[in-house]
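**Q** sequence and computational prediction follow.
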Amino acid sequence: MMNVHFIAIGGSAMHNMAIAMHKKGFNVTGSDDEIFEPSKSRLAKLNLLPANEGWDVNNIHEGLDAVILGMHARIDNPELIKAQELGLKIYSYPEYIYEQTKDKIRVVVGGSHGKTTITAMILHVLNFHKIDCDYLVGAQLEGFDTMVKLTKEAKIAVIEGDEYLSSPIDRRPKFHLYKPNIAILSGIAWDHINVFPTFDFYVEQFQIFVNQIEQGGSLVYCELDKEVKKVCEGARVDIKKFPYSVPINRIENGSTFIAHTELKSKETELNIFGDHNLMNLTGARLVCNQLNISDEQFYEAIQSFKGAAKRLELVKRNTVTAMYKDFAHSPSKLKATTQAVKKQFPNRKLIACMELHTFSSLTEEFLKEYRGSMELADDAIVYFNQHTIEHKKLKPISEEQVKNAFGGNNIRVITNTQLLQEELLKMNFEHKNLLMMSSGNFDGIDFKALGEKVVN
């Protein structure tokens, strides 16, 4: 039996991988200085929750086959130092994902946006057709118990390839470590300014990613993104390349129908909408083709796909209004998501709210990237909390700065979550939609409760 210890086991990806390794038959231990829900309950259910919070050098011993280091740990972590002194094999979690999947066909989904949705689509299709696979995905998906699955039996591994750093002692982007047999690149839009201080440096990470593709592998890419197109067309000649764009589709009574071919002779009604999602779907189809899934099989499965959590997720609706929540937080994501809702419901006004929550979004020099990103909304509200800025140790920004950065007369800036909810509930939402966009939760807004009030 393999003995594996997780330093910072409470993280989203880390606790899911710990559960996956436990299910694979490994002896798993872990530690962390704080563990929140749902990680806490999920680890406790399998007796993987550490007895005490905090770090203990006694957790580290020569009997360990591997130590997995999470991003939450610091370089002076006492358990990490002990592991280094003993000469134990220390992995970042992306390194260990590769270690566990190196003999499988690895599908790696990269890009500044759409990664989780494309990964979820591929997994949905494989699951529909009962094709076993390992996976790593960045959200909890309907029909899947965990966000990570690692087995001995599966021949395929589908991996969401995040470009953020691997661990405190490994500053490489995670997706550089997976070495895909099949890669997909959905888009490049500058993000993570704290790690990639210039746009050119950020783009370079994607060039490295495509050059990590195994000899004779495949690369599926969005040709409508000029940076993606440039990176992918410049990739090695031995890599098979499959470009994609927006497929032929139509919208009728708030539903989207996608044509199977350019002849439009056959269509499939979808549960998702928006040009960005239709491009994600086409990319997922081309990946599935590489896994010997026909177009017919793909469309049969994808019609029941409802989307990944927080990706244009329907909160509540009636016949005259709807509320959606979305993970969108970067400029390109805001633009794509607001455009999708406006196009899907052309006869309804759109109230769009976004939260400045990430390090990049709250940085003075990055704010200018948001200009025009919410111009399609009829009423746009930008929310941020000064306490979050202080917590991230960033230079303060003012409401006026934010309003000027976004531009447009439709922009309002609010910095109090209670006031935000009061302002929303003053509105008459008949023939209007509400879109809430954030990688956080607007400092504790109960979306379900808000949705009930908006619709009623």
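**A** Ah, there it is. Residues are numbered from 1 along each chain as shown.

**Q** I'd guessed Thr268 sits against Phe305; true?
**A** No - in this structure Thr268 lies outside contact range of Phe305 using C-beta atoms under 8 Å: 10.4 Å. Any C-beta I mention is one placed from the backbone N, CA and C, and that applies to glycine too.

**Q** so which of the two has more stuff around it?
**A** Phe305 (22 against 17; other C-beta atoms under 10 Å).

**Q** quick one: secondary structure of the more buried one?
**A** Following DSSP: H, G, I helix; E, B strand; the rest coil, Phe305 is assigned to coil.

**Q** nearest spatial neighbour of it, skipping sequence neighbours?
**A** Ranked by C-beta to C-beta, 6 or more residues apart in numbering and with sequence neighbours excluded, the top spatial neighbour of Phe305 is His124, at 4.8 Å.

**Q** model confidence score at the one you found, please.
**A** pLDDT for His124: 97.

**Q** what strand or helix carries it?
**A** Assigning secondary structure by DSSP states H and E places His124 in helix 115-128.

**Q** what's in contact with that helix?
**A** Contacts of helix 115-128 with the rest of the structure, by C-beta atoms under 8 Å, 6 or more residues apart in numbering, involve 107, 109, 111, 132-133, 135, 137-139, 141, 143-144, 156, 158-162, 184, 186, 277, 280-281, 283-284, 287-288, 291, 293, 297-298, 300-302, 304-305, 307-308, 311, 327.

**Q** okay, now the residue nearest to Phe305: neighbour count?
**A** 22.

**Q** find the centremost residue of this structure, please.
**A** In the chain, the residue lying closest to the centroid (C-alpha atoms, centre = their mean) is Thr116, at 4.2 Å.

**Q** now the strands for the stretch 201-350 of the chain?
**A** Ranges of strands in the stretch 201-350 of the chain, per DSSP state E, counting those that start in this stretch, are 218-222, 240-244, 249-252, 255-259, 267-270, 313-317, 321-326, 349-355.

**Q** tell me the mean pLDDT over the third one?
**A** Spelled out, it's strand 249-252. 94.

**Q** partners of that strand in the sheet?
**A** strand 255-259 (antiparallel) (DSSP bridges).

**Q** list the contacts of Tyr164.
**A** Counted by C-beta under 8 Å, 6+ apart, Tyr164 has contacts 71, 173-174, 192, 195.

**Q** then Val67?
**A** By C-beta under 8 Å, 6+ apart, the residues touching Val67 are 4-7, 60, 79-80, 83, 88-91.

**Q** then Arg106?
**A** Going by C-beta under 8 Å, 6+ apart, Arg106 touches 98, 157, 159, 178-182, 214.

**Q** do Ser39 as well
**A** Per C-beta under 8 Å, 6+ apart, neighbours of Ser39: 9-12, 15.

**Q** switch the cut-off to 10 Å
**A** Ser39 makes contact with 9-12, 14-16, 18-19, 32, 48-49 under the criterion C-beta atoms under 10 Å, 6 or more residues apart in numbering.

**Q** check Glu252 too.
**A** Glu269.

**Q** and stretch 234-242, what's buried?
**A** Buried residues in stretch 234-242, counted by 16 or more other C-beta atoms under 10 Å: 235, 239, 242.

**Q** likewise stretch 446-456?
**A** Of all the residues in stretch 446-456, those buried under the rule 16+ other C-beta under 10 Å are 447, 450-451, 454-455.

**Q** how many neighbours does Glu364 have?
**A** Using other C-beta under 10 Å, Glu364 has 14 other residues around it.

**Q** sorry, wrong one. I was asking about Thr282.
**A** 22.

**Q** in this structure it contacts Ser245, no?
**A** Yes - counting by C-beta atoms under 10 Å, Thr282 touches Ser245, with 7.3 Å between them.

**Q** joint contacts of these two?
**A** With C-beta under 10 Å, 6+ apart as the test, Thr282 and Ser245 both reach Cys222.

**Q** Tyr96: helix or strand, and which one exactly?
**A** Per DSSP H and E, Tyr96 falls inside helix 93-101.

**Q** immediately after that helix, which helix or strand?
**A** Assigned by DSSP H and E, the successor of helix 93-101 is strand 105-110.

**Q** and that next one with helix 115-128, angle?
**A** 150 degrees (axes from the mean of the first three to the mean of the last three C-alpha atoms, to 10 degrees).

**Q** shared neighbours of Thr268 and Phe305, anything?
**A** Both Thr268 and Phe305 are contacted by Leu281, under the criterion C-beta under 10 Å, 6+ apart.

**Q** helices of the stretch 351-456 of the chain, residue ranges please.
**A** Assigned by DSSP state H, counting those that start in this stretch, the stretch 351-456 of the chain shows helices spanning 364-367, 386-391, 399-406, 417-426, 447-455.

**Q** of all the ones you listed, which one is nearest Arg42?
**A** helix 447-455 (21.3 Å; C-beta to C-beta).

**Q** for that closest one, give the mean pLDDT please.
**A** Helix 447-455 shows an average pLDDT of 95 in the prediction.

**Q** just the CA atoms of the helix holding His124, as CSV, please.
**A** Presented in CSV, the C-alpha positions along helix 115-128 are these (Å, rounded to 0.1, in the frame of the first residue of the first chain):
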residue,chain,number,x,y,z
LYS,A,115,-11.9,25.5,-19.2
THR,A,116,-14.4,24.2,-16.6
THR,A,117,-17.3,24.2,-19.1
ILE,A,118,-15.4,22.4,-21.8
THR,A,119,-14.0,19.8,-19.3
ALA,A,120,-17.6,19.3,-18.0
MET,A,121,-19.0,18.8,-21.5
ILE,A,122,-16.4,16.2,-22.4
LEU,A,123,-17.0,14.4,-19.1
HIS,A,124,-20.8,14.5,-19.6
VAL,A,125,-20.5,12.9,-23.0
LEU,A,126,-18.1,10.2,-21.8
ASN,A,127,-20.3,9.5,-18.8
PHE,A,128,-23.4,9.4,-21.0
